[in-house]
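> Here is a sequence together with a model predicted from it:
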Amino acid sequence: MDEKPEALRQAEWLEGEAIAWGIHRYRRAADELRRLHEAHEWQYKMAGDRLRRVEKLEAVNDELLKALQSAAHVIDVLGGSSERYRAAIAKAEGK
């Protein structure tokens with residue numbers, strides 16, 4: 001089975017038809033299919049890169065939230081006021 005994307009298979013077919021029949025607009029259409037496929041591949045890669053960055057940021061946020069919760073607990077144990085910390089925790093948790 002051919003693993004090549006449909007757009008590239010169609011581009012090859014159009015290229016062959018352009019050569020066989022001398023129809024230049026087929027060659028232009030084949031070039032455009034290849035260009036669009038390349039643009040799609042680039043956008044797909046960029047979306048994956050963005051998703052990985054978001055996942056990393058979410059992991060960092062989780063660690064920061066845990067540290068903030070620990071700090072609030074220590075302040076509570078020591079008898080201090082942890083209201084600012086608690087407000088920040090609630091905001092981070094979306095409450």
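Structure's in. What do you need? Numbers count the residues shown, from 1 in each chain.

> just checking, what packs against whichever strand or helix holds Arg53?
Using DSSP states H and E, Arg53 maps to helix 24-77. The elements that helix 24-77 packs onto, with contact taken as 3 or more CB pairs under 8 Å, 6 or more residues apart in numbering; DSSP states H and E, are helix 6-21, helix 83-92. Glycine gets a C-beta too; all of them are placed from N, C-alpha and C.

> Need the ones you listed in a markdown table (columns: distance to Val77, mean pLDDT and mean neighbour count).
A markdown table is the format used below for the helices and strands packed on helix 24-77 (distance: least, CB to CB, whole Å; pLDDT from 0 to 100; neighbours: other CB atoms under 10 Å):
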| stretch | distance to Val77 | mean pLDDT | mean neighbour count |
| --- | --- | --- | --- |
| helix 6-21 | 63 | 90 | 15 |
| helix 83-92 | 13 | 86 | 13 |
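
> Rebuild those as a markdown table, extending it with distance to Ala30.
Putting the helices and strands packed on helix 24-77 into a markdown table (distance: least, CB to CB, whole Å) gives the following:
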| stretch | distance to Ala30 |
| --- | --- |
| helix 6-21 | 4 |
| helix 83-92 | 52 |
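
> Among those helices, which comes closest to Asn61?
helix 83-92 (7.1 Å; CB to CB).

> okay, the angle between that closest one and helix 24-77?
150 degrees (axes from the mean of the first three to the mean of the last three CA atoms, to 10 degrees).

> How much space separates Tyr44 from His24?
31 Å (CB to CB, to the nearest Å).

> The residue located most distally from the centre of the chain in helix, strand or coil?
Computed with CA atoms, centre = their mean, the residue of the chain farthest from its C-alpha average is Gly79, at 44.8 Å. Using DSSP: H, G, I helix; E, B strand; the rest coil, the structure places Gly79 in coil.

> Now it, what are its backbone angles?
phi 90, psi 10 (degrees, to the nearest 10).

> for stretch 58-76, which positions count as buried?
Across stretch 58-76, burial judged by 16 or more other CB atoms under 10 Å covers 68-69, 72, 75.

> Make a markdown table from the residues you listed and add distance to His37 and pLDDT to it.
What follows is the buried residues of stretch 58-76, written out as a markdown table (distance: CB to CB, whole Å; pLDDT from 0 to 100):
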| residue | distance to His37 | pLDDT |
| --- | --- | --- |
| Leu68 | 47 | 90 |
| Gln69 | 48 | 92 |
| Ala72 | 52 | 90 |
| Ile75 | 57 | 87 |
